[in-house]
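A.B. asks: I'll drop the sequence and a predicted model, then ask my questions.
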Protein chains: 2
Amino acid sequence: MTAPGIGMLQPKSLELLAEKARLLRIHSMRMTTAAGSGHPTSCLSAAELMAATFFYAMRFDRSNPNSLASDRFVLSKGHAAPILYAALAEAGVFPVSRLMTLRQFSSELEGHPTPRIPGVDAATGSLGQGLSVGSGLALGARLQKSTARVYVLMGDGEMAEGNVWEAAAFAASQQLDNLVAMADVNSLGQSGRTMYGHDSDVYRRKFESEGWTAEVIDGHDLAAVVGALDRAQASRGKPYAIVARTEKGHGISFLADKEGWHGKPLSREELAKALAEIGPAPDVPKDDGRSYARKSLPVPPDFPEPAAPAYTLGQSVASREAYGTGLRKLAAANPKVYGLDGDVKNSTFSETLQKAFPDRLIEGYIAEQNLVSVAVGMAAQGLVPFVATFACFLSRAYDQVRMAAISRSNINLCGSHCGVSIGEDGPSQMGLEDLAMFRAIPGATVLYPADAVSAERLTAEAARRGGICYLRTSRPKTPVLYGAEEKFPVPGFKVLRQSAGDRVTVIGAGVTLYEALNACDQLKTKGINARVIDLYCVKPLDVAALAENIRATGGRLITVEDHYAEGGLGEAVIAGLCEAGAAPTAVRRLAVDRVPHSGQSQELLDLFGISARRIVAAVEQVL
Amino acid sequence: MTAPGIGMLQPKSLELLAEKARLLRIHSMRMTTAAGSGHPTSCLSAAELMAATFFYAMRFDRSNPNSLASDRFVLSKGHAAPILYAALAEAGVFPVSRLMTLRQFSSELEGHPTPRIPGVDAATGSLGQGLSVGSGLALGARLQKSTARVYVLMGDGEMAEGNVWEAAAFAASQQLDNLVAMADVNSLGQSGRTMYGHDSDVYRRKFESEGWTAEVIDGHDLAAVVGALDRAQASRGKPYAIVARTEKGHGISFLADKEGWHGKPLSREELAKALAEIGPAPDVPKDDGRSYARKSLPVPPDFPEPAAPAYTLGQSVASREAYGTGLRKLAAANPKVYGLDGDVKNSTFSETLQKAFPDRLIEGYIAEQNLVSVAVGMAAQGLVPFVATFACFLSRAYDQVRMAAISRSNINLCGSHCGVSIGEDGPSQMGLEDLAMFRAIPGATVLYPADAVSAERLTAEAARRGGICYLRTSRPKTPVLYGAEEKFPVPGFKVLRQSAGDRVTVIGAGVTLYEALNACDQLKTKGINARVIDLYCVKPLDVAALAENIRATGGRLITVEDHYAEGGLGEAVIAGLCEAGAAPTAVRRLAVDRVPHSGQSQELLDLFGISARRIVAAVEQVL
């Protein structure tokens, strides 16, 4: 597959590449001095790697550098952003004049790369994630028959992050020979020498032990860099690592390999001295104030509504099982849908997808950080990834989810086995902070289906929505509550028990919804009518509609959740109501209040305060 | 250093070890069948490794197996808990009769290990963390002149976790030759073959590439296991890895190397068949119902109050800088205090500690997961660790923090550079979900000092407190507000502006406190008196005292935080007030409401809605 527009500036000689490297150095220093902050020396070590990658190896559409046909570049060492912006400008993606707006309030050229910038697919700056994103881009290209390649530039400091080695193992297991990793081994971290200093061979051995082809080169020798890039392009069946020995601050006598210069721009005087060393600098044309931010980011594709859920009312089905069925139906309806698994597919029911479409479930083994960032890369290629693991293990990838949000990525995450209701396996396996985690992700959608019908419908809803979508599923089998034609708008909730004489509203979700229904029945025998709400969508909230219900029940409210109280659905509802001027007059938050332990599901629900019995007691307190 | 009571059962021959392995297999199968859940086949692969480790290699005080002088064992593959419990029982730590209570509601023998059990130092079950905990235990032993060794048993599935390789690199960099890693390469994960199957050599190469001595053995050949343990004990200057090729379900014909048996107990009939294969089984004495849970867990040591803060009112000092000074004073007052750094010590000011006491700051490089779990290991040796990095990068270690809480660990974490107030570096470097993260950790203390005096005092407070203590510090310099003698009780807050005519309460913390004070001054010129509260302790909350203030100001409340709204201090306060029957009558939560971008601190505070101007506007809305 070759796209129109591909084929860009290719200097005829190493001399021309050297001139590009020189310009990239000049831009990087000027930009950071103008901004008054930034990381010029981290740019200088990478100048030859960047020049050869952008002006020799890569083929991309400068008017659409994020297209499927374009080679892609991921700057994993995101603090070297200035040299990336300089390379994009020199490549004609936006004008060189724009560079001097670096880090300004009004500029898309932020301190660290974000996808607001054409040619950037994912935000970087939290280190050690770029190789996973690059693996996702490379996999996304291959799955969609693109022959484009992906280049990832890493720093040596960030290679202490385990995420890097999860990615390396994954890329090798997927035989991503369209992926090239470059390590800029400048030996200096932020606060001192890295663990291995200039022992570049350590990194070669690590990559080789992960199943890569790897070589060590002098990263300032352009002929060596070009040769390595040639060999990388010729690699078959294995990803390729170029371990480049470099100097931080290379090219400027008073910066080269000097400690104490990390994250420091040059003063005006130092800049003048540096420019005098490096040769004639071009004039910088004046920025015209026009933004070159990307006009559009990937959006989830349209696809037909999957087949309706096929359950009977009262049938006992775990929501996690319905997730698997829903995912299979989605994959049948849309060829861009993929699942990602962390060796728990028989627990999360991702295996339902795999059984129907063996090639549509990517096995990532037990490496959640990598799974999430691979999904970000796949989404940037227009795919619709669903990562599923135990809810608690998504906490392993919280930084990656955070960066996915900054990346404006469209990824779906399913966390199964939430709460104490999983029972005997004990607290290490119980997701009890996942609602807090995902609620605090800006723009995220947080879905929490109680039954199989809502789980299937909300899985499809997640696929359609942009941003980070989180679906919380439960381990126990629960009765089907809804008919096949029921719709679950977002935001929204369902009122399952209601009468004119309701004196309290009980809001539950997942397993606690059934406890609430049970409590409602018990209360009825005592002559107390309770309204019961299924809050299947925890974020966003339809606060106005919730407020009507709370008002209608005398302002009395019980929230009950299989989650810790902090950041959970109770806090969400209560704070929302108060801010809307509909503060409840009496409220109890029932939630797990301490580290739980092993036991049977039902006895744990009771001990940790979220059973029907506890709801009844709370209702009696507020009346 | 040798403790009394050390020296335990040492079979004279391999035959006796083989008998121990046979008993461990029998116990593991019986326990899980009795429980009706659990992972017997994951135990069977490790029987020889466990028998040789516990009954040949280890020296420990069976009445105090968590003592500094005792060799320690970490079961990183926590789902093999039954065989650990069986080994502890056979070693005499608690009676064999207790084993049959596995996974029961009333038993300390949970589905996965927790420190409720004597001989367990940290909860495991979230995979890939044990080697970091073991590194912390080994480091903690060495720092306190103990010659005890640490053994860590890992599964091959979990070695896909990057955390494992962070730990491996760290242990080598620290030359932890008192640390032995054993890899139980049974080749079967939960849902299928692992990435490398039985290619054990891959793991050897990986360990060697990290700087370890490593060897591959047959993990069911007791002579080979014993020989490897001998060589491990003789290692000098390097940690030692024993990569053991094993079979999942080994020893039972219908389980050995069979897929589909992960996490499944045997039925009564299958158990009888298995026991018939494995030879005569001892009777199981009846459990007497007595708990063998540990009576006490490590508590932070007492130490004298550090020297008082030495600032003048109005002096401009960043809270992160005061953290460094506070940590240095703490270290002077208490030899057990250590800092841990992820190559940001010049930003977090951990370097203030290092400059005064070079050996008291442990450099962990850019590997936050490992840092946190190393701290857990050090705390289990009675040390007082302080891990500091950017607040946002602690999200990288959220699973490890979660497990630290389940471990009842006493660790202190400092997150610097919180919020949009860091400015130009952009969103990847801004901690905006850390309050939500740490609030959702059960029993955690969440501290958020605004000025240097409170930052120093609260650093000392963290050291004294048990559990997870989180200290949130800021990048910008801010004026000192408090005198040197001011105390900061936990829970607690300070009322900084107050009059009888106050019509609204504004609660801020960190940089937003200064915005609140500024807003208060502006409001005064408009004839509006506002009460201003410094909520330096976000968790726990003194809700009753807060409620008094809100009531005194007509129930009107503004909360303002450099954090996302979800799970932050606003939600905490509002939900707390409502549940206490003191719902605010009018409230605005000012918080960062979307992904921010680069800019200057003050312009970002305003754009994202948390500046003095925005507070004034919010106050005018609620009046």
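C.D. replies: Yep, it's here.

A.B. asks: what lines up beside the host helix or strand of residue A:184 in the sheet?
C.D. replies: Element membership of residue A:184, judged by DSSP states H and E, is strand A:179-185. According to DSSP bridges, strand A:179-185 forms sheet pairs with strand A:150-155 (parallel), strand A:240-245 (parallel).

A.B. asks: looking at those strands, which is nearest to residue A:588?
C.D. replies: Between residue A:588 and the strands paired with strand A:179-185, the shortest gap by Cβ to Cβ is with strand A:150-155, which sits at 50.5 Å. Every residue, glycine included, has its C-beta placed from N, CA and C.

A.B. asks: in the closest one, which residues are buried?
C.D. replies: By neighbour count on 16 or more other Cβ atoms under 10 Å in any protein chain shown, the buried set for strand A:150-155 is A:150, A:151, A:152, A:153, A:154, A:155.

A.B. asks: count the neighbours of the residue of the stretch 101-250 of chain A at minimum distance from chain B for me.
C.D. replies: Nearest residue of the stretch 101-250 of chain A to chain B, counting by Cβ to the nearest Cβ: residue A:162, 2.2 Å away. A total of 28 residues lie near residue A:162 under the criterion other Cβ atoms under 10 Å in any protein chain shown.

A.B. asks: ok, and the closest non-adjacent residue to it?
C.D. replies: Nearest in space to residue A:162, with sequence neighbours left out and distances taken as Cβ to Cβ, 6 or more residues apart in numbering or on different chains, is residue B:162 at 2.2 Å.

A.B. asks: what about the longest strand along chain A and chain B, any contact?
C.D. replies: Looking only at chain A and at elements set by DSSP state E, the strand with the highest residue count is strand A:556-564. Yes - with Cβ under 8 Å from any Cβ of the partner chain as the measure, strand A:556-564 is seen reaching chain B through residue A:564.

A.B. asks: what angle sits between the very next helix or strand once past that strand and strand B:556-564?
C.D. replies: As assigned by DSSP H and E, the chain's next helix or strand after strand A:556-564 is helix A:569-579. Regarding helix A:569-579 and strand B:556-564, their directions subtend 130 degrees when assessed with axes from the mean of the first three to the mean of the last three Cα atoms, to 10 degrees.

A.B. asks: after the biggest helix by length in chain A, next one along is what?
C.D. replies: Among the elements of type helix in chain A, defined by DSSP state H, the one spanning the most residues is helix A:14-35. Downstream of helix A:14-35, the next assigned helix or strand under DSSP H and E is helix A:40-44.

A.B. asks: can you name every helix or strand that that following helix contacts?
C.D. replies: Contact analysis of helix A:40-44 by 3 or more Cβ pairs under 8 Å, 6 or more residues apart in numbering or on different chains; DSSP states H and E lists helix A:14-35, helix A:81-90 as its packing neighbours.

A.B. asks: pick out the residue closest to the middle of chain A.
C.D. replies: residue A:404 (2.8 Å; Cα atoms, centre = their mean).

A.B. asks: separation between the nearest residue to residue A:408 once chain neighbours are set aside and residue A:107?
C.D. replies: For residue A:408, the nearest residue in space outside its immediate sequence neighbours is residue A:297; the separation is 5.0 Å by Cβ to Cβ, 6+ apart. Distance, residue A:297 to residue A:107, by Cβ to Cβ, to the nearest Å: 18 Å.

A.B. asks: can you check residue A:62 too?
C.D. replies: Spatial separation of residue A:62 from residue A:107 under the definition Cβ to Cβ is 20 Å.

A.B. asks: check residue A:273 too.
C.D. replies: Distance check for residue A:273 against residue A:107: by Cβ to Cβ, it reads 27 Å.

A.B. asks: those two: who's more crowded?
C.D. replies: Residue environment comparison for residue A:273 versus residue A:107 gives the larger neighbour count to residue A:107, 24 against 15, counting by other Cβ under 10 Å.
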